[in-house]
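Enquirer: Next come a sequence and a model predicted from it.
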Amino acid sequence: MAEKILVAVAWPYANGPRHLGHVAGFGVPSDIFARYHRLKGNDVLMISGTDEHGTPVSLAADREGVTPKALADRYNRIIGDDLHTLGLSYDIFTRTTTRNHYRVVQDVFKTLYDQGYLLRQTTMGAFSATTGRTLPDRYIEGTCPICGYHEARGDQCDQCGNQLDPADLINPRSKVDGTPPVFRETEHFFLDLPAFAEQLAAWITRQEHWRPNVRTFSLNLLDDLRPRAITRDLDWGVPIPLPEYADRETKRIYVWFDAVIGYLSASIEWARSRGTPDAWREWWQNPQAPHYYFMGKDNIVFHTVIWPAILLGYGNGGEVGGGTGEPLQLPHNVVSSEFLTMEGRKFSSSRGIVIYVNDFLSRYDPDPLRYFLTIAGPENQDADFTWAEFVRRNNDELVANWGNLVNRTLTNVFRNFGQVPQPGPLAPEDVALMEATERGFAAIGTLLEGTKFKAALTEAMRLASQVNFYLSEQEPWKVIKSDRERAATVLYTALRCVDHLKTMMTPFLPFTSQQLHEMLGYDGFIAGPLAFRECTEEDGSTHRVLTGDYAGWVGRWQASDLPIGQVLRKPEPLFKKLDEKVVDEELARYQ
RNA sequence: GCCGGGGUAGCUCAGGGGUCAGAGCGAACGACUCAUAAUCGUUAGGUCGAGGGUUCAAUUCCCUCCCCCGGCACCA
């Protein structure tokens, strides 16, 4: 029975190219999850896009003398290319600057406003004296009034760790151009989070299947819920859909408010692009459809508190969501990863401590990266990317265990039989191996459903080891000299296991699994490919989305029925062994 | 300061009140040579951060302390 599953992936911010930390945190895990469920036969809707509004995009555009939209266009393209190259199988990867998105965001805003969940409050804000734009606290620096540190940020002093108010800084100045900020009153809309406190507390308390850190952290947040501003004084963002703000060029909806609504708007865009404009409701207004959100730990608050509050407030109302009487679904699980560091230090674009995805993939294949980020990534705790460890994992694990198993098995079969050999009677050890391998479907499936990706891949690798062991014990390359039928039986057994493992590896290693699929003599896409498509909106504007036709996948999460006599294609190694010297080369490149 | 997460074999980590504390990799030795010098076997005797407590029994529960990391809500 096919389940509808929403896989909602954090939206990469379009103020620059994304680095390994971003795809490690949510990109690869969410894709493994989505691919597994599709192989299982479930109806997955996997959505995301680039997040393109807000101060950082605006400032980056200023620095380069281009419009924010032009900057976002550029990074939307680069990021989309990265995700495509990595094989992240979105049903739609779009962006937040579409007409569709604006319409949905404004509908949500308007609905919450009409329901009384948006409060108007006047606060003191900091503005740039030169541009008149809001200066977020982080963009102001000055001398810390507590410890005297000269480069304290407006929100917090990095030296003494105290939280600050930018107005308290001595000699405050804009980090952008060094001018002193101007403080003045400004009116904003606040989401009335306290109005949802009880519902949220009851709901989160029930989510015992969440990772403990996510649940505990979220419950702690509820102790001190305050209304949260969802507008900004900025000219780059979704306009406020109220008559009195119609011509206010400098007040926009806050980027985070619009970004989370992207999950909904992207689903709607997907449905419309397929010619089934209401299809999104099968996920969003269906209590049987679990929603899984994937993100880094810095985004937990937006997904366990703010976005659920918005969904609760929106309920079954609104122009977009109304009609069926069913409320929009809350998250079923919020899967948060920890952080990836690089060679022991935090990623920092400005300090050059960074590996961009596109740079990495220009020299290395996607599957080894996916392998590393899964087996050694920040799933449960911060993890460190080092080139030495990447090379080691690639050579000593991926190549030596799985890659070698595939290569030695296929080479033996191809050379001696050229096709899937007809086995003789199976010996107990043949049956035992086959059964042990087949049990992997259930074991790995359970781990994947529980978002335990590292453990799932470890189990698949353990099974591969067992098959290596079996081959070394049975020595078909010797047996064939005296007993061709027994050799055929052993190789058939190993080949079946390799075929099982191919499927189990597909969520993690989609590209090489496809190659293996073909070498085994099969046709069709076991799980691919992805495609870009141009999307045209009502006003004629177009944008590119990453998508794919995943219904055409021939892979199934079940034991192989490898046909006897199927002709193999010439085997080639799936992975490249990396020379140890790439460690020094790469370190030199980034230092 | 507050909240949270960590400190387990050379490295990366898993585990969890009680048979000898585990895995992968490295290292040593041996086997093999079909395979990208890949594979297979044996070997590691590590105060499970420190101290105290609860218990018949703690690395696993509680307390204190030390060290590391993250968050603390208008950066996304």
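Expert: Received the coordinates, thanks.

Enquirer: ok, the helix or strand of chain A with the lowest mean pLDDT: who's next to it in the sheet?
Expert: Sorting the helices and strands of chain A by mean pLDDT, DSSP states H and E puts strand A:152-153 at the bottom, at a mean of 76. Paired neighbours of strand A:152-153 in the sheet (DSSP bridges): strand A:140-143 (antiparallel).

Enquirer: got the residues of the stretch 201-350 of chain A near RNA strand B?
Expert: A:212-213, A:216-217, A:220-221, A:224-226, A:228-229, A:232, A:254-256, A:259, A:297-299, A:301-302, A:305, A:339, A:346 (C-beta under 7 Å from any atom of the strand). C-beta: built from backbone N, CA, C; applies to glycine.

Enquirer: residues contacting the nearest residue to residue A:285 once chain neighbours are set aside?
Expert: Leaving out its chain neighbours, the residue that sits closest to residue A:285 by C-beta to C-beta, 6 or more residues apart in numbering is residue A:326, at 3.7 Å. When contacts are counted by C-beta atoms under 8 Å, 6 or more residues apart in numbering, residue A:326 touches A:281, A:285-287, A:316.

Enquirer: Which one of those is nearest to residue A:129?
Expert: Distance to residue A:129, by C-beta to C-beta, is smallest for residue A:316 among the contacts of residue A:326, at 46.5 Å.

Enquirer: returning to that earlier point: is it fair to say the residue nearest to residue A:285 lies in a strand?
Expert: No: assessed by DSSP: H, G, I helix; E, B strand; the rest coil, residue A:326 does not belong to a strand; its assignment is coil.

Enquirer: burial measure for residue A:434, as a count.
Expert: By other C-beta atoms under 10 Å, 20 other residues sit near residue A:434.

Enquirer: just checking, what packs against the helix or strand that contains it?
Expert: Per DSSP states H and E, residue A:434 falls inside helix A:428-449. Here helix A:428-449 touches helix A:28-39, helix A:453-474, helix A:484-505, going by 3 or more C-beta pairs under 8 Å, 6 or more residues apart in numbering; DSSP states H and E.

Enquirer: Next one, pLDDT for the residue lying farthest from the centre of chain A please.
Expert: Ranked by distance from the centre of chain A (C-alpha atoms, centre = their mean), the top residue is residue A:482, with 52.9 Å. Predicted confidence (pLDDT) for residue A:482: 94.

Enquirer: which SS class is it?
Expert: coil.

Enquirer: picking up where we left off before, next one: the helix holding residue A:434, is it in contact with RNA strand B?
Expert: No: using C-beta under 7 Å from any atom of the strand, we find that helix A:428-449 stays clear of RNA strand B, coming within 11.3 Å at best.

Enquirer: Repeat that for stretch A:456-467.
Expert: Yes: using C-beta under 7 Å from any atom of the strand, stretch A:456-467 reaches RNA strand B at A:458, A:462, A:465.

Enquirer: How about stretch A:394-413?
Expert: Yes: Stretch A:394-413 lies within reach of RNA strand B by C-beta under 7 Å from any atom of the strand, at A:395-397, A:399-401, A:403-404, A:407-408, A:411-412.

Enquirer: Flag every buried residue along that stretch.
Expert: For stretch A:394-413, burial by neighbour count (16 or more other C-beta atoms under 10 Å) applies to A:394-395, A:397-399, A:401-410, A:412-413.

Enquirer: measure that stretch end to end?
Expert: 25 Å (C-alpha to C-alpha, to the nearest Å).

Enquirer: Can you list the neighbours in contact with it?
Expert: So stretch A:394-413 is in contact with A:368, A:371-372, A:375, A:419-421, A:460-461, A:464-465, A:467-468, A:471, A:476-477, A:491, A:494-495, A:498, A:501, A:505, A:516, A:519-520, A:568, A:571, A:573-578, going by C-beta under 8 Å, 6+ apart.

Enquirer: Of the residues you listed, which count as buried by neighbour count?
Expert: Neighbour-count burial (16+ other C-beta under 10 Å) applied to those gives A:368, A:371-372, A:375, A:420-421, A:460-461, A:464, A:467-468, A:471, A:476-477, A:491, A:494-495, A:498, A:501, A:505, A:516, A:519-520, A:568, A:571, A:574-575, A:578.

Enquirer: Any of the residues of the stretch 201-350 of chain A next to RNA strand B buried? List them.
Expert: Buried members of those, scored by 16+ other C-beta under 10 Å, are A:217, A:221, A:225, A:228-229, A:232, A:254-256, A:259, A:297, A:299, A:302, A:305, A:339.

Enquirer: Tell me how many other residues crowd the closest residue to residue A:118 other than its chain neighbours.
Expert: Nearest non-adjacent residue to residue A:118, counting by C-beta to C-beta, 6+ apart: residue A:189, 4.7 Å away. Neighbour count for residue A:189, taken as other C-beta under 10 Å: 25.

Enquirer: quick one: contacts for residue A:189?
Expert: With C-beta under 8 Å, 6+ apart, residue A:189 has these contacts: A:109, A:113, A:118-120, A:229-231, A:240.

Enquirer: So what does it look like in phi/psi?
Expert: Dihedral pair for residue A:189: phi -90, psi 140, per degrees, to the nearest 10.

Enquirer: same thing with residue A:299?
Expert: Here residue A:299 shows phi and psi, under degrees, to the nearest 10, equal to phi -110, psi 0.

Enquirer: Now do the same for the residue of the stretch 251-400 of chain A found nearest RNA strand B: its pLDDT.
Expert: Per C-beta to the nearest atom of the strand, residue A:400 is where the stretch 251-400 of chain A lies closest to RNA strand B, at 3.0 Å. Predicted confidence (pLDDT) at residue A:400: the value is 94.

Enquirer: And for residue A:270, the neighbour number?
Expert: For residue A:270, using other C-beta under 10 Å, the count is 23.

Enquirer: so what's it closest to, chain neighbours aside?
Expert: Nearest to residue A:270 is residue A:92, by C-beta to C-beta, 6+ apart, at 4.2 Å.

Enquirer: can you check residue A:367 too?
Expert: Nearest to residue A:367 is residue A:509, by C-beta to C-beta, 6+ apart, at 4.4 Å.

Enquirer: what's near enough to touch that neighbour?
Expert: A:367, A:370-371.

Enquirer: and residue A:384, that's in a strand?
Expert: Yes: with three-state DSSP as the criterion, residue A:384 is located in a strand.

Enquirer: And it, how close does it get to residue A:23?
Expert: To residue A:23, residue A:384 is 16 Å away according to C-beta to C-beta, to the nearest Å.

Enquirer: In terms of neighbours, single out the busier of these two.
Expert: residue A:23 (28 against 14).

Enquirer: For the more buried one, give me phi and psi.
Expert: phi -70, psi -20.

Enquirer: Make sure it is actually in contact with residue A:87.
Expert: No: counting by C-beta atoms under 8 Å, residue A:23 sits too far from residue A:87 to count as a contact (10.7 Å).

Enquirer: distance between stretch A:530-550 and the chain's centre?
Expert: In terms of C-alpha atoms, centre = their mean, to the nearest Å, the centre of stretch A:530-550 is set 20 Å apart from its chain centre.

Enquirer: Show me which residues of that stretch are buried.
Expert: Result for stretch A:530-550 [16+ other C-beta under 10 Å]: buried residues A:530, A:535, A:543-548, A:550.

Enquirer: just stretch A:350-361 next, same as before
Expert: Of all the residues in stretch A:350-361, those buried under the rule 16+ other C-beta under 10 Å are A:353-361.
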